[in-house]
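Participant: show me the folded form of this:
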Amino acid sequence: MDRKLPSVNTSLFPKSAALALVALALGSFLAGRFHVGAQANLPAYDLVITNTRVVDGSGNPWFRADVAIKNGRIARIGRIPSTEAAQTIDAHNQILAPGFIDVHTHVESIYSLPAAENFIRMGVTSLVTGNCGTSTTNVAEFLERMKEKPIAVNLATLIAHGSVRRKVMGQGDRAPTPEESKQMEALVEQGMKDGAVGLSTGLIYVPGTYAKTDEIVALAKVVAQYGGLYATHMRNEGDKVADAIRESIQIGEQAGLPVEISHFKISNKKLWGQSPMTLGLVRDARARGLMVTVDQYAYTASSTSLDSRLPSWLRAGGLDEAKKRLADKPTRDRVVKEMKDSLKRSGFKDFDYAVVASYDPDTSFNGKTIAAITKQVHGKSDVTSQIEQIIEMYEGGGAGMIYHGMGEDDVKRIMQEPFTMIASDSGVRQNDESVPHPRGYGNNARVLGHYVRELKLISLEDAIRKMTSLPAQTFGFRDRGMIREGFAADIVLFDENTIIDQATFDKPHQFPLGISYVIVNGGLVLANGQMTNSRPGVALRGPGYLFAS
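Facilitator: This next block holds a predicted model:
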């Protein structure tokens, strides 16, 4: 809008003073309009991105606009002359979207790989770690480390029940004493005051698997006082998945806080096609007024530890205690029987669906199925021999695994739900001898290339909403997840016609195509397809941090 020349009532002043005042007002007006004097050569903006189609994260249709950045913020959206920018980027009609927010990651090791290249090249600018019951127990120290070791992405963390329980109680299979409960509640409260965004659980892992519902509710009530949410790797994602969803919802209702169900899936072959039922449980909870969301990666395989296949009672006290139990033949026979029964319930005939991602004692196992490894090592591949192979590898220190256990129709149906976010469930990656799940390299690009462009399962605008404003809304990131004036300048530019994942299960260490620029807090982290040395990430703290300040 044009500025109007200010009016001055000269009748109130002597003639000489009135003339001087008019001259002063005119000078001030001209300085503001034409940037005269010392400001004449300073551009209004640090960066202007032109010739874009903006998908703003709201779910609304794209629109044409230039976007200006100043001091790490989106300063202006509209038609902006390039002369007003210190630097310009011609987007060449590419999509400009908010930087993607990955709410389910495991990046406690991020300070050793601060570029977070696998995430940046997927367009991800903000990460939430501490999922599945494992996190730092010193949130302040973890987030403050950014000051001495800058990273390329923004970082938030949950405070994890499993890590808190382990610190207070070890890995025992028992209920906490009243004093231990108070200690856990105090640790969770401090974590929230230090900026954690919520509580996570991993109820298939030691020691979280030993916790009863009331133990989780008590900690969740502490989190609720500080405005956090409850994010859960549920107790079961297979034959008892419905019960596990109900427990997750019950915890949210009793504690009075939002519920986020991690990597929502059905991993029991006998239940493939039952996602309308599991999604219906979430819809019912939302209809009652409970805020329940889910996240999902765009693949039919999961990835977790090898020991998750073994009975939880065996793993109590840790690996050394489990080895002592396994040395007793009747106990070992019991383990084999229970694993056979569990396999039968899952609908799989053997462990050919289980692939080794990383096994340090013998990296030749990486990328091979348990069935193939058993044949290689023992010369046979019956189920009993496969279970013995799993036990031997567990005794050898365990392994990271990939489990091809889901149906594509369920993946599609879950992705279409309005309350589903896109999340990788990955750590920071580098090219090594491991054969990890490809989701850590391709997840966001796979959604945009395969499910949006090729299958037309969801719209481009809705897919981006699931990666941006919905995660920001759910986790309380008030100034991110949207292209809005005043919001943090976290931005991704990509070609909707070429974006696609390249990572495969056989060759996972491959970056996606089609993403040209990634900007974090106004800093260019990926420029014209090349990584820079910029590390502009900041800590994203939950509302408890403000309460405690």
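Participant: alpha carbons only for contacts and neighbour counts from here, please
Facilitator: Noted.
Participant: close enough to count as contact, residue 152 and residue 536?
Facilitator: Yes. Shown here, residue 152 and residue 536 form a contact pair, counting by CA atoms under 8 Å, at 5.5 Å.
Participant: the more surrounded of these two?
Facilitator: Legend: neighbour count by other CA atoms under 10 Å for residue 152 and residue 536, higher for residue 152 (29 against 19).
Participant: quick one, strands of the stretch 51-200 of the chain?
Facilitator: Applying DSSP state E, counting those that start in this stretch to the stretch 51-200 of the chain gives strands spanning 63-70, 73-78, 88-90, 95-98, 100-102, 124-129, 154-157, 159-160, 198-202.
Participant: ok, which of the ones you listed comes nearest residue 417?
Facilitator: The closest approach between residue 417 and any of the strands of the stretch 51-200 of the chain, judged by CA to CA, belongs to strand 100-102 at 17.4 Å.
Participant: how far off centre is the closest one?
Facilitator: Relative to the mean C-alpha coordinate of its chain, strand 100-102 is positioned 6 Å out (CA atoms, centre = their mean, to the nearest Å).
Participant: in its sheet, what does it sit against?
Facilitator: Sheet partners assigned to strand 100-102 using DSSP bridges are listed as strand 124-129 (parallel).
Participant: what's the partner strand in contact with?
Facilitator: 99-108, 119, 135, 152-158, 490-491, 518-520 (CA atoms under 8 Å, 6 or more residues apart in numbering).
Participant: same check, this time on stretch 520-538
Facilitator: In contact with stretch 520-538 (CA under 8 Å, 6+ apart) are residues 69-73, 99, 114-115, 117, 120-121, 125, 146, 150-155, 488-491, 515-519.
Participant: please identify the buried residues of it?
Facilitator: Of the residues in stretch 520-538, those buried under the neighbour-count criterion (16 or more other CA atoms under 10 Å) are 520-527, 531, 534-538.
Participant: over to stretch 506-521?
Facilitator: By neighbour count on 16+ other CA under 10 Å, the buried set for stretch 506-521 is 508-521.
Participant: how far does it stretch from start to finish?
Facilitator: According to CA to CA, to the nearest Å, stretch 506-521 extends 35 Å from its N-terminal end residue to its C-terminal end residue.
Participant: quick thing: my sequence starts at 826, can you match it?
Facilitator: Okay, using 826 as the starting number, the last item reads as stretch 1331-1346.
Participant: averaged pLDDT, it. What do you get?
Facilitator: Averaged across stretch 1331-1346, the pLDDT comes to 98.
Participant: least trustworthy helix or strand in the protein by mean pLDDT?
Facilitator: Averaged element by element with mean pLDDT, DSSP states H and E, the chain has its least confident helix or strand at helix 840-859 (a mean of 42).
Participant: measure residue 1150 to residue 963 for me?
Facilitator: Residue 1150 is 34 Å from residue 963, by CA to CA.
Participant: can you check residue 978 too?
Facilitator: With distances taken as CA to CA, residue 978 is found 20 Å from residue 963.
Participant: now the helices: where do they sit in the stretch 1176-1325 of the chain?
Facilitator: In the stretch 1176-1325 of the chain, helices defined by DSSP state H, counting those that start in this stretch lie at 1195-1203, 1208-1220, 1233-1241, 1264-1271, 1285-1292, 1294-1300, listed in chain order.
Participant: what is the last one packed up against?
Facilitator: The one in question is helix 1294-1300. Here helix 1294-1300 touches strand 925-927, going by 3 or more CA pairs under 8 Å, 6 or more residues apart in numbering; DSSP states H and E.
Participant: hmm, who's touching the strand it packs on?
Facilitator: Outside of strand 925-927, the residues within contact range by CA under 8 Å, 6+ apart are 948-953, 1247-1249, 1289, 1292-1293, 1296-1297, 1306, 1317.
Participant: next: stretch 1148-1163.
Facilitator: Taking contacts as CA under 8 Å, 6+ apart, the residues outside stretch 1148-1163 that touch it are 1135, 1136, 1139, 1209, 1212, 1213, 1220.
Participant: next: stretch 1318-1326.
Facilitator: Stretch 1318-1326 is contacted from outside by 916, 919-922, 1266-1268, 1270-1271, 1273-1275, 1278, 1336-1343, using CA under 8 Å, 6+ apart.
Participant: which parts of that stretch are buried?
Facilitator: So for stretch 1318-1326, counting by 16+ other CA under 10 Å, buried means 1318, 1319, 1320, 1321, 1324, 1325, 1326.
Participant: again with stretch 1158-1166
Facilitator: Of the residues in stretch 1158-1166, those buried under the neighbour-count criterion (16+ other CA under 10 Å) are 1160, 1161, 1164, 1165.
Participant: same thing with stretch 1051-1065?
Facilitator: Across stretch 1051-1065, burial judged by 16+ other CA under 10 Å covers 1051-1064.
Participant: chain center to that stretch, what's the gap?
Facilitator: Centroid separation between stretch 1051-1065 and its chain, computed with CA atoms, centre = their mean, is 15 Å.
Participant: same question, stretch 1322-1339
Facilitator: Stretch 1322-1339 has its C-alpha centroid displaced from the chain centroid by 19 Å (CA atoms, centre = their mean).
Participant: ok, back up a step: and the contacts of strand 949-954, which are buried?
Facilitator: Buried subset of the contacts of strand 949-954 (neighbour count, 16+ other CA under 10 Å): 924-933, 944, 960, 977-983, 1315-1316, 1343-1345.
Participant: ok, now how distant is residue 1153 from residue 978?
Facilitator: Look at residue 1153 and residue 978: by CA to CA, they are 49 Å apart.
Participant: try residue 991
Facilitator: Plainly put, residue 991 is 29 Å away from residue 978 if you go by CA to CA.
Participant: wait, what's in contact with residue 1194?
Facilitator: Applying CA under 8 Å, 6+ apart to residue 1194 gives the contacts 1176, 1177, 1178, 1179, 1180, 1181.
Participant: same thing with residue 1029?
Facilitator: Each residue near residue 1029 by CA under 8 Å, 6+ apart is listed here: 1058, 1059, 1060, 1061, 1133, 1137.
Participant: helix, strand or coil: sort out it for me.
Facilitator: coil (DSSP: H, G, I helix; E, B strand; the rest coil).
Participant: who wins for neighbours among the contacts of residue 1194?
Facilitator: Using other CA under 10 Å as the contact criterion, the top neighbour count among these goes to residue 1180, which has 29 neighbours.
Participant: that one - nearest residue in space that isn't next to it in sequence?
Facilitator: Closest residue in space to residue 1180, ignoring its immediate chain neighbours: residue 1194 at 4.1 Å, by CA to CA, 6 or more residues apart in numbering.
Participant: do the same with residue 924
Facilitator: With CA to CA, 6+ apart, the residue lying closest to residue 924 is residue 1316, at 4.4 Å.
Participant: if we can go back for a sec, which one of the contacts of residue 1194 is nearest to residue 1037?
Facilitator: Using CA to CA, residue 1179 comes nearest to residue 1037 of the contacts of residue 1194, at 29.1 Å.
Participant: pLDDT score assigned to that closest one?
Facilitator: At residue 1179, the pLDDT recorded in the model is 98.
Participant: for residue 1136, grab the count of nearby residues.
Facilitator: 16.
Participant: could I get the full set of strands for the stretch 1226-1374 of the chain?
Facilitator: 1245-1247, 1316-1319, 1340-1345, 1348-1352, 1355-1356.
Participant: which one of those lies nearest to residue 912?
Facilitator: With distances scored as CA to CA, the stretch of these nearest to residue 912 is strand 1348-1352 (11.3 Å).
Participant: got the angle for the closest one vs strand 949-954?
Facilitator: On the basis of axes from the mean of the first three to the mean of the last three CA atoms, to 10 degrees, strand 1348-1352 is oriented at 110 degrees to strand 949-954.
Participant: from the chain's centroid, how far away is strand 1348-1352?
Facilitator: Per CA atoms, centre = their mean, the displacement of strand 1348-1352 from the mean C-alpha position of its chain is 20 Å.
Participant: that one: partners in the sheet, and parallel or antiparallel?
Facilitator: Partners of strand 1348-1352 in the sheet, by DSSP bridges, are strand 1340-1345 (antiparallel), strand 1355-1356 (antiparallel).
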